[in-house]
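A.B. asks: Just to be clear, the model below is a prediction. Sequence and coordinates:
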Amino acid sequence: MPAQLISGTELAASIREQIARRAAELTELGHQPGLAVVLVGEDPASQVYVRNKVAACEKAGFKSIMHRLPANTTQTELLALVNTLNHDDTIHGILVQLPLPSHMDSHSVIEAIAAHKDVDGFHVSNAGLLMTGKPLFRPCTPYGVMKMLELTGINLRGAEAVVIGASNIVGKPQAMLLLQQGATVTLCNSKTKDLKAHCQRADVLVVAVGRPNMVTGDMIKPGAVVIDVGINRLPNGQLCGDVDFESAKAVAGWITPVPGGVGPMTITMLLQNTIEAVERRLSQH
Ligand SMILES: Nc1nc(=O)c2c([nH]1)NC[C@@H]1CN(c3ccc(C(=O)N[C@@H](CCC(=O)O)C(=O)O)cc3)C=[N+]21
């Protein structure tokens, strides 16, 4: 029996409906959720992503403010904008689109964002809180993956989870979230020996590498849940994931498509984190 599809598009739509309802209530109370998105430079892919994020915000009834800065903006100017947004009470979440131009130090820009407005969950203090099991914001992509796993009904307690790719924005926080749900987690990286043997033991396989079709059906345990975080553009313009979908879907129990899988969930969890920022501020006043 071929794998069941986990549609990120559908799950995202249903979560965004709930978010829009909550946003309307919060607006009624005088606390319209506000997200500021900062884009530096003219990278075409980043422009598309940022436009999608702003559109999703507006559709959910958020206030969204887009700041487009030229590629030659200085780090000092960007830090000044972040500081202004930190002090703006109508803004609950701040997202600085990555990658930044090479003359900037992304790390210090991220650290300049107030941790309670860091809806990406990239600030060191949020990374630390996640590791202690008391997260303020969960990074959007791993958070979205957890929602997709919930949809499958899989019991994560005692499950073998294998994450391929150990980035700070996906692999590492993903491993933490899975661990906190009781999974036994293996975090693989580019030096891992016999990746296939690790994959074949996985009840849950999350692939976040950025290499087209690197996971094939023969590497998958029959019935496993396979989550493809990769978004790769092939020379012919087609989008594909890190998982070879055709061979994988014949073996897996559940699988996410690309596009229409994790990507739409990432944007949804950005909205969710912004709602959480508003709720947290309300409960503190
Ligand atoms: N500070 C920051 N936070 C981010 O969350 C962040 C970032 N920087 N920089 C870039 C990456 C990338 N990212 C995506 C989000 C949604 C889709 C998405 O919805 N993709 C569609 C396809 C879109 C297309 O056609 O290209 C899909 O998978 O169906 C993709 C990529 C967020 N990122």
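C.D. replies: That came through fine.
A.B. asks: Can you pull the residues of this structure lying near the ligand?
C.D. replies: When proximity is defined as CB under 6 Å from any ligand atom, the chain approaches the ligand at 48-49, 52, 95-98, 120, 140, 231, 239, 258-261, 263-264, 266-267. (Glycine included, C-beta is placed from N, CA and C.)
A.B. asks: Can you tell me which of these end up in strands?
C.D. replies: When these are checked against strands (DSSP state E), the matches are 95, 96, 239.
A.B. asks: related to what we said a few turns ago, pull out the buried members of the residues of the chain next to the ligand.
C.D. replies: 49, 95-97, 120, 140, 231, 258, 260-261, 263-264, 266-267 (16 or more other CB atoms under 10 Å).
A.B. asks: Now, the residues of the chain next to the ligand that are in helices?
C.D. replies: Among the residues of the chain next to the ligand, DSSP state H puts 48, 49, 52, 140, 263, 264, 266, 267 in helices.
A.B. asks: can you give me the helices for the stretch 1-150 of the chain?
C.D. replies: Per DSSP state H, counting those that start in this stretch, the stretch 1-150 of the chain carries helices over the ranges 8-28, 44-59, 75-86, 106-112, 124-132, 140-152.
A.B. asks: thinking again about what came up before, the ones in helices among the residues of the chain next to the ligand: which two are farthest apart?
C.D. replies: Greatest spatial distance among these (CB to CB): 48 and 140, at 16.7 Å.
A.B. asks: burial of residue 70, as a residue count?
C.D. replies: 10 (other CB atoms under 10 Å).
A.B. asks: With adjacent residues omitted, what lies nearest to it?
C.D. replies: Distance criterion CB to CB, 6 or more residues apart in numbering; nearest residue to residue 70, sequence neighbours excluded, is residue 41 at 7.3 Å.
A.B. asks: Check whether the one you found really touches residue 102, as I assumed.
C.D. replies: No: look at residue 41 against residue 102 with CB atoms under 8 Å: they stay out of range, at 9.9 Å.
A.B. asks: Look at those two and report which has more neighbours.
C.D. replies: The residue with more neighbours, out of residue 41 and residue 102, is residue 41; 18 against 9, by other CB under 10 Å.
A.B. asks: separation between that one and residue 226?
C.D. replies: The gap separating residue 41 from residue 226 is 35 Å, by CB to CB, to the nearest Å.
A.B. asks: quick one on the thing from earlier: tell me who's in contact with the residue nearest to residue 70.
C.D. replies: By CB atoms under 8 Å, 6 or more residues apart in numbering, residue 41 lies in contact with 69, 70, 71, 100, 101.
A.B. asks: contacting residues for the last one?
C.D. replies: Residue 101 sits next to 40, 41, 71, 73 when contact means CB under 8 Å, 6+ apart.
A.B. asks: Quick check: the farthest pair among those?
C.D. replies: Among the contacts of residue 101, 41 and 73 lie farthest apart (CB to CB), at 8.0 Å.
A.B. asks: Can you give me the neighbour number for residue 253?
C.D. replies: If you count neighbours by other CB under 10 Å, residue 253 ends up with 18.
A.B. asks: That one contacts residue 6, doesn't it?
C.D. replies: No: if you go by CB under 8 Å, residue 253 and residue 6 don't touch, sitting 10.4 Å apart.
A.B. asks: Pick out the residue of the chain closest to the ligand.
C.D. replies: residue 263 (2.2 Å; CB to the nearest ligand atom).
A.B. asks: Could you dump the ones in helices among the residues of the chain next to the ligand into JSON lines and include pLDDT and distance to residue 11?
C.D. replies: Shown next, in JSON lines, are those (pLDDT from 0 to 100; distance: CB to CB, whole Å):
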{"residue": "48", "pLDDT": "88", "distance to residue 11": "22"}
{"residue": "49", "pLDDT": "88", "distance to residue 11": "19"}
{"residue": "52", "pLDDT": "90", "distance to residue 11": "17"}
{"residue": "140", "pLDDT": "98", "distance to residue 11": "14"}
{"residue": "263", "pLDDT": "97", "distance to residue 11": "12"}
{"residue": "264", "pLDDT": "97", "distance to residue 11": "8"}
{"residue": "266", "pLDDT": "98", "distance to residue 11": "12"}
{"residue": "267", "pLDDT": "97", "distance to residue 11": "12"}
